[in-house]
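> Pasting the sequence and the predicted coordinates here, then a few questions.
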Amino acid sequence: MEAIIKALNLALVDVVEIATMAMEFAGIVVLVVSAVKAFYHWIRKSENNIRLDLGQGIALALEFKMGGEVLRTVVVREWAELGILGAIILLRGVLTFLIHWEIRNEKKEEEEKRGKIAEESSGK
């Protein structure tokens with residue numbers, strides 16, 4: 001019975017490690033793709049809201065990275081390790097909150113700008 005438990009524990013650790021790496025890799029891919037797209041639009045000086053798109057990409061990448069950290073808590077063996085993971089999750093959570101706040105403000109400014117443009121064009 002003890003051998004089965006050890007084997008299951010090793011399998012769990014391996015599955016969690018693979019899933020954690022996959023989630024963190026997905027976060028990296030999202031971040032890089034978002035940054036490249038934003039840079040491309042910036043170079044072309046396109047009218048897209050570059051900051052908004054980049055902020056949304058960063059927020060999504062952080063969500064993937066936080067998911068990886070949450071998964072990592074499954075295999076934590078020591079309190080110190082759990083404290084470090086908790087601090088990382090808290091920091092990433094605060095960053096995600098701030099980015100979402102910035103995205104909301106950026107969207108509001110964009111809508112106000114469109115409203116002013118629509119007012120000016122209808123008033124002429």
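Nice, thanks for sending it over.
> does the residue nearest in space to the middle of the chain count as helix, strand or coil?
For the chain, the residue nearest the mean C-alpha position is Leu62 (2.1 Å; C-alpha atoms, centre = their mean). For Leu62, the assignment made with DSSP: H, G, I helix; E, B strand; the rest coil gives helix.
> Touching, it and Arg92? I think so.
Yes - counting by C-beta atoms under 8 Å, Arg92 is a contact partner of Leu62 at 5.5 Å. (C-beta placed from N, C-alpha, C; glycine too.)
> Skip the chain neighbours and tell me the closest residue to the residue nearest to the centre of the chain.
Counting by C-beta to C-beta, 6 or more residues apart in numbering, Leu62 lies nearest to Thr96, which is 4.8 Å off, once chain neighbours are set aside.
> Tally up the residues packed near that neighbour, please.
18 (other C-beta atoms under 10 Å).
> So it is in contact with Ala61, correct?
No - if you go by C-beta under 8 Å, Thr96 and Ala61 don't touch, sitting 9.7 Å apart.
> where does the residue nearest to the centre of the chain sit relative to Glu81, distance-wise?
21 Å (C-beta to C-beta, to the nearest Å).
> name the element Lys113 belongs to?
Lys113 belongs to helix 79-123 when assigned by DSSP states H and E.
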